[in-house]
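K.L.:
the sequence isn't on hand, but the structure is:
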């Protein structure tokens, strides 16, 4: 039994023993001030990051910082000071500060959708059936897998698995080597990346919504209604919300039963934004809706904007951001999510605008193709001509980032710490300072890389502070456990994965990984299983007791041979089977 089957079995046993539908844990998320490794900002595709860094209030002082030419660029994802986008020719990494190309990986076929970034790797699929994993720093290929038919969605990446849709399947691959975990046949090509819960993979298959077991790929449920042409799915606490044409649907996450639907004006563009009990949706008629999920989708407010929304809006640091296009004019909006009021707007590419005598804005000749990505106090939008970055050109601090290896060190291991994934802000990085803290000791070190052997089992908090030449700094923090005993040289492949807690200057923290989440469930499930087995054994003993008493009475009356157990008649002197002399009534004990 492999680890995914094991985890799925444990989750099911826990649910059966305690009457719950899932392990009590949150999905793993990569939400930091400088960006997220997934386009919808988490596995549940909620498109909301309340702890992220938004643009200046009211978009004051915002201007275009740079433009990167790329044919067919996808809505980008930002992580560690780098912007990653898919193009007609492959995957491109762009320096978020300067707009200069960091590396390029050419593929056979066009990259479909936004790449995913996780734990130093970039994942992307092409329209010719190729799926690749690349080194996020260098762009070098780590592995690739081939499929019949095109990859049709962006990837949804977890710690150990990556999920995506193709023309024929929903697929799950191992992030370590690209080996296939499972694939599930679909009726039509999948149009949007699946959403993940702790146990489920949820996706839209034409007008039907499917939920698959996350670990085995087996179907858990299928909606019993047609949503028309649902594409996007977002997962809440107890319900799944899907969007198709001009309607939003809500259904129970445990069985797919529809709870309500809400028709809107215009066709829904991109996916919904989910924050708390509110869903925000944009349409091609230029309307932005706020729906109250506690009142079956009741409209809290509806506002009309100039042009048609392009791509999905996003919510970052308490502000909704969206882009619209009307004719050849594109606009970036900042919106108050409480009432829909416009906090600020910016004409995309306004440095190219010429004012005539009536101060009217001329056409801009921009063709926006995707919604905004807001990260690190900048906004990024895409068009047919490439990627554009917007911000206020204030001094930008560096971004601290590091990895350590092995990921799950044992006593005696020499652990290597590497800060080369950190990125500069407005000025070059001048210094790297490490700080190691435990309950028993504390020490510091300097340098871009550092090695240390740990001789005692202990929990450590490791902090890296990077400082640039202008005095600006940033700190990243991770927790590291030194477990058990060992002689060094351990690798990740021969031990369980132990999650790290990542903290940035805004104290964003990763949620526990898959093994951490189910650890308590394993022991609870085993305890419950033991209790059930004991109860069954006691019940069986109780049911058999009358039969045992009956046999005992027969034996005392001479009905059974005391040696071989054969039946004998009352009055027989010897057993007809074994010849043993039978006791008389006077011989009975």
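P.N.:
Received, thanks. Remember, it's a predicted structure, so these values are computed and weren't measured experimentally.

K.L.:
which residue ranges of this structure form helices?
P.N.:
Counting by DSSP state H, one finds helices in the chain at the ranges 3-18, 514-556.

K.L.:
those helices: lowest mean pLDDT?
P.N.:
Sorting these by mean pLDDT places helix 3-18 lowest, at a mean of 39.

K.L.:
mind checking how far the closest residue in space to residue 181 that isn't next to it in sequence is from residue 572?
P.N.:
In space, not counting the residues next to it along the chain, residue 181 is nearest to residue 172; the distance is 4.1 Å by Cβ to Cβ, 6 or more residues apart in numbering. Placement of C-beta: from N, CA and C, glycine included. Using Cβ to Cβ, to the nearest Å, residue 172 is found at 71 Å from residue 572.

K.L.:
those two: who's more crowded?
P.N.:
residue 172 (25 against 12; other Cβ atoms under 10 Å).

K.L.:
nearest spatial neighbour of residue 313, skipping sequence neighbours?
P.N.:
residue 322 (3.7 Å).

K.L.:
isn't that neighbour up against residue 340?
P.N.:
No: applying Cβ atoms under 8 Å as the test, residue 322 and residue 340 come out as separate, 11.1 Å apart.

K.L.:
quick check: neighbours shared by these two?
P.N.:
residue 288 (Cβ atoms under 8 Å, 6 or more residues apart in numbering).

K.L.:
with neighbour numbers in mind, choose between the two.
P.N.:
residue 322 (25 against 19).

K.L.:
quick check: beta-bridge partners of the more buried one?
P.N.:
Residues in a beta bridge with residue 322, per DSSP bridges, are residue 333.

K.L.:
may I have the residues that are in contact with it?
P.N.:
The contact partners of residue 322, by Cβ under 8 Å, 6+ apart, come to 282, 288, 305, 309, 313, 314, 332, 333, 335, 371, 372.

K.L.:
closest to residue 129 out of the residues you listed?
P.N.:
residue 371 (26.8 Å; Cβ to Cβ).

K.L.:
need the per-residue pLDDT for that closest one.
P.N.:
pLDDT, read off for residue 371, is 86.

K.L.:
quick one: it from residue 261, how far?
P.N.:
Residue 371 is 24 Å from residue 261, by Cβ to Cβ.

K.L.:
please identify which of those two sits among more neighbours.
P.N.:
residue 371 (25 against 16).

K.L.:
find the nearest non-adjacent residue to the more buried one, please.
P.N.:
Counting by Cβ to Cβ, 6+ apart, the residue nearest residue 371 is residue 311, at 2.5 Å.

K.L.:
what number of residues lie near the one you found?
P.N.:
21.

K.L.:
do residue 295 as well
P.N.:
11.

K.L.:
the one 3 residues further on too?
P.N.:
As a burial measure, the neighbour count of residue 298 was computed by other Cβ under 10 Å and equals 12.

K.L.:
contacting residues for the closest residue to it other than its chain neighbours?
P.N.:
Of all residues not flanking residue 298 in the chain, residue 292 sits nearest, at 4.6 Å (Cβ to Cβ, 6+ apart). Residue 292 makes contact with 277, 278, 298, 299, 300, according to Cβ under 8 Å, 6+ apart.

K.L.:
one more time with 7 Å, if that's ok
P.N.:
By Cβ atoms under 7 Å, 6 or more residues apart in numbering, the contact set of residue 292 is 277, 278, 298, 300.

K.L.:
pLDDT added to those, as a markdown table?
P.N.:
Output for those, formatted as a markdown table (pLDDT from 0 to 100):
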| residue | pLDDT |
| --- | --- |
| 277 | 94 |
| 278 | 96 |
| 298 | 94 |
| 300 | 95 |
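
K.L.:
are any of those buried, and which?
P.N.:
278, 300 (16 or more other Cβ atoms under 10 Å).

K.L.:
what's the closest of the contacts of residue 322 to residue 144?
P.N.:
Out of the contacts of residue 322, the member with the shortest distance to residue 144 (by Cβ to Cβ) is residue 371, at 28.9 Å.

K.L.:
neighbours around the residue nearest to residue 405 when sequence neighbours are not counted, how many?
P.N.:
In this structure, residue 405 finds its nearest non-sequential neighbour in residue 416, 5.1 Å apart by Cβ to Cβ, 6+ apart. For residue 416, the neighbour count with other Cβ under 10 Å is 14.

K.L.:
need the contact list for residue 416.
P.N.:
Residue 416 is in contact with 404, 405, 449, 451, counting by Cβ under 7 Å, 6+ apart.

K.L.:
can we see that at 8 Å?
P.N.:
Residue 416 neighbours (Cβ under 8 Å, 6+ apart): 404, 405, 449, 450, 451.

K.L.:
same question for residue 138.
P.N.:
Residue 138 touches residue 103, counting by Cβ under 8 Å, 6+ apart.

K.L.:
what do you get if the cut-off is 10 Å, keeping everything else the same?
P.N.:
Applying Cβ atoms under 10 Å, 6 or more residues apart in numbering to residue 138 gives the contacts 93, 102, 103, 105.

K.L.:
dump those to JSON lines, plus pLDDT.
P.N.:
Listed next are the contacts of residue 138 as JSON lines, based on pLDDT from 0 to 100:
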{"residue": "93", "pLDDT": "96"}
{"residue": "102", "pLDDT": "95"}
{"residue": "103", "pLDDT": "97"}
{"residue": "105", "pLDDT": "97"}
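
K.L.:
partner residues bridging residue 48?
P.N.:
Beta-bridge partners for residue 48, by DSSP bridges, are residue 315.
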